[in-house]
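*Asks:* pasting the sequence and the predicted coordinates here, then a few questions.
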Amino acid sequence: MDCGSQTGSIPDSPRSSHLAIDIGGSLIKLVYCSRGSGESAADENCCSSTESAKISNGINFHSLRGGRLHFQTFETSKVADCIEFIRSKKTDFGGGWHLEGSKEKNVIKATGGGAYKFADLFKEQLDIVLDKQDEMDCLVAGANFLLKAVHHEAFTYRDGVKDFVQINDKDLFPYLLVNIGSGVSMIKVDGIGKFERVSGTSVGGGTFLGLGKLLTQCKSFDELLELSHKGNNRVVDMLVGDIYGGNDYNKIGLASTNIASSFGKAISEDKELHEYQPEDISRSLLRMISNNIGQISYLNALRYGLKRIFFGGFFICGHAYTMDTISVAVHYWSKGEAEALFLRHEGFLGALGALMSYNIDKSSLLQGQIS
Ligand SMILES: Nc1ncnc2c1ncn2[C@@H]1O[C@H](COP(=O)(O)OP(=O)(O)OP(=O)(O)O)[C@@H](O)[C@H]1O
Ligand SMILES: CC(C)(CO)[C@@H](O)C(=O)NCCC(=O)O
């Protein structure tokens, strides 16, 4: 993305720039582009950003021709840290954010539920007005932008192998966008600005983290994911073989190793929670939620005749087991007809969409200048 375009796509003073914010149920995502030499990648980690921000900064930090695009996250429960971060950036941004065509001095584009919930707080603490952008509009705009503009944005993931897929511009629509945040939204996208939210489920990333915290005493998402690496879901899940005496149930296509019932082993074992390993619980939970989302996504793709399903949202976090489970679910249920695709900038679709709602030259944004 060219934030400091010499073609004049961002008609601002040399240091000023644009910042957009997506305030969700779990995480706040900030995207801002800046010009000049004052900033460095190290800036990204100087505040109390979450661990996943650090992870994502590793892959998401972009040097731009004449400017830079920065990505930052905060836990929504730590909105005060986000406010401090923005305050610290205010001087770098020439004292504020000026919205073209608006009389307001400090206005930033904001999406997600928190744009409503925290509007007064931003006004009181920073004297900033949040210019609310619809969450679904932003998710779709962000996804369309990335898929059209960014080389190697989308990839498939199977058995630990990531294959980048270059999507032909003329062959992008229609597709299903599944955004896995705290909750999950499923959106049929037919074109630029043409979409319908066709489904959703409340069993999403918030469920994984919430239940995970309750069941394992983990304190953070990263801790919970880390545990899942070491776990064995078969200790907790009831398999087809557990029911069928070690046999497959071939007639309906179920192998003995298939999960018959997530967490089903806990029914009969008469064990207390502390007698299970948190690693196994975390693994089972991650598998249950990813599998369920993969299945509902496939059903919606089938319902609308869509072959491609793009998955976004911070729940995915580039995590191998999550992506593998979702891919297997889509492949299994669709008998190989539909394909799960993941996005490198998965967690920032809404924030990027909000950034694009500034009056910036879209044609320059769509010339593949984001790496
Ligand atoms: N560092 C982290 N802290 C908390 N959750 C994280 C973290 N990293 C990844 N996650 C996962 O990402 C989910 C949030 O994803 P995302 O930021 O896309 O959604 P959101 O915008 O907060 O939610 P919604 O769109 O439903 O309001 C969390 O529920 C959790 O499963
Ligand atoms: C409520 C939103 C859109 C907020 O981002 C999201 O959390 C979501 O899509 N939840 C699922 C709600 C449902 O469709 O049942």
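*Replies:* That came through fine. Ligands and ions are numbered 1, 2, ... in the order given.

*Asks:* what about the strands in the stretch 101-250 of the chain?
*Replies:* 107-111, 129-132, 154-158, 161-165, 175-180, 184-191, 194-201, 238-239 (DSSP state E, counting those that start in this stretch).

*Asks:* what's the most buried one of the ones you listed?
*Replies:* Greatest average neighbour count among the strands of the stretch 101-250 of the chain goes to strand 175-180 (a mean of 28), per mean count of other CB atoms under 10 Å. Placement of C-beta: from N, CA and C, glycine included.

*Asks:* as JSON lines, the strands of the stretch 101-250 of the chain with mean pLDDT and distance to D280 would be great.
*Replies:* Listed next are the strands of the stretch 101-250 of the chain as JSON lines, based on pLDDT from 0 to 100; distance: least, CB to CB, whole Å:
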{"stretch": "strand 107-111", "mean pLDDT": "96", "distance to D280": "37"}
{"stretch": "strand 129-132", "mean pLDDT": "96", "distance to D280": "43"}
{"stretch": "strand 154-158", "mean pLDDT": "97", "distance to D280": "23"}
{"stretch": "strand 161-165", "mean pLDDT": "96", "distance to D280": "26"}
{"stretch": "strand 175-180", "mean pLDDT": "98", "distance to D280": "23"}
{"stretch": "strand 184-191", "mean pLDDT": "98", "distance to D280": "25"}
{"stretch": "strand 194-201", "mean pLDDT": "98", "distance to D280": "24"}
{"stretch": "strand 238-239", "mean pLDDT": "98", "distance to D280": "13"}
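
*Asks:* out of those, which gets nearest to ligand 2?
*Replies:* strand 194-201 (2.3 Å; CB to the nearest ligand atom).

*Asks:* contacts for that closest one next, please.
*Replies:* 136, 140, 173, 176-177, 183-190, 292-293, 296, 300, 303-304 (CB atoms under 8 Å, 6 or more residues apart in numbering).

*Asks:* what about ligand 1: which of these touch it?
*Replies:* G183 (CB under 6 Å from any ligand atom).

*Asks:* okay if I get the strands of the stretch 101-250 of the chain as a markdown table plus distance to I316?
*Replies:* Compiled in a markdown table, the strands of the stretch 101-250 of the chain are given as follows (distance: least, CB to CB, whole Å):
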| stretch | distance to I316 |
| --- | --- |
| strand 107-111 | 19 |
| strand 129-132 | 26 |
| strand 154-158 | 10 |
| strand 161-165 | 13 |
| strand 175-180 | 6 |
| strand 184-191 | 11 |
| strand 194-201 | 15 |
| strand 238-239 | 26 |
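
*Asks:* make CSV out of those and add distance to ligand 2.
*Replies:* CSV is the format used below for the strands of the stretch 101-250 of the chain (distance: least, CB to the nearest ligand atom, whole Å):
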stretch, distance to ligand 2
strand 107-111, 9
strand 129-132, 14
strand 154-158, 22
strand 161-165, 26
strand 175-180, 7
strand 184-191, 4
strand 194-201, 2
strand 238-239, 27
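
*Asks:* to L352, which of those strands lies closest?
*Replies:* Smallest distance to L352 across those (CB to CB): 10.1 Å, for strand 107-111.

*Asks:* got the buried residues for the helix of greatest length in the chain?
*Replies:* The longest helix of the chain (DSSP state H) is helix 278-304. By 16 or more other CB atoms under 10 Å, the buried positions in helix 278-304 come out as 278-294, 296-298, 300-301.

*Asks:* tilt between whichever helix or strand comes after that helix and helix 278-304?
*Replies:* Per DSSP states H and E, the first helix or strand lying C-terminal to helix 278-304 is strand 308-312. Angle between the axes of strand 308-312 and helix 278-304 is 140 degrees (criterion: axes from the mean of the first three to the mean of the last three CA atoms, to 10 degrees).

*Asks:* to F208, which of the strands of the stretch 101-250 of the chain lies closest?
*Replies:* Comparing the strands of the stretch 101-250 of the chain under CB to CB, the one sitting nearest is strand 175-180, at 9.3 Å.

*Asks:* so the closest one versus strand 154-158, what angle?
*Replies:* Using the same axes, to 10 degrees: strand 175-180 against strand 154-158 is 70 degrees.

*Asks:* so what are the sheet partners of strand 175-180 and their directions?
*Replies:* Paired neighbours of strand 175-180 in the sheet (DSSP bridges): strand 184-191 (antiparallel), strand 308-312 (parallel).

*Asks:* list the contacts of that strand.
*Replies:* 139-140, 143, 184-189, 195, 198, 204-205, 293, 297, 300-301, 304, 306-316, 349-350.

*Asks:* what angle do it and strand 194-201 make?
*Replies:* 40 degrees.

*Asks:* what is the neighbour count of K105?
*Replies:* Counted with other CB atoms under 10 Å, the neighbours of K105 add up to 13.

*Asks:* swap that for E337, please
*Replies:* 12.

*Asks:* what about it, which helix or strand?
*Replies:* Assigned by DSSP H and E, E337 belongs to no helix or strand.

*Asks:* show me the contacts for the nearest residue to A329 once chain neighbours are set aside.
*Replies:* Distance criterion CB to CB, 6 or more residues apart in numbering; nearest residue to A329, sequence neighbours excluded, is G294 at 2.7 Å. Applying CB under 8 Å, 6+ apart, we find G294 in contact with 325-330, 333, 340.

*Asks:* what's the distance between G294 and D134?
*Replies:* 27 Å (CB to CB, to the nearest Å).

*Asks:* one more: R344?
*Replies:* 24 Å.

*Asks:* likewise T76?
*Replies:* 19 Å.

*Asks:* these two: which is more packed in?
*Replies:* Remark: of T76 and D134, T76 carries more neighbours, 20 against 15, as counted by other CB under 10 Å.

*Asks:* distance check, the more buried one against ligand 1.
*Replies:* Taking CB to the nearest ligand atom, to the nearest Å as the measure, T76 falls 6 Å from ligand 1.
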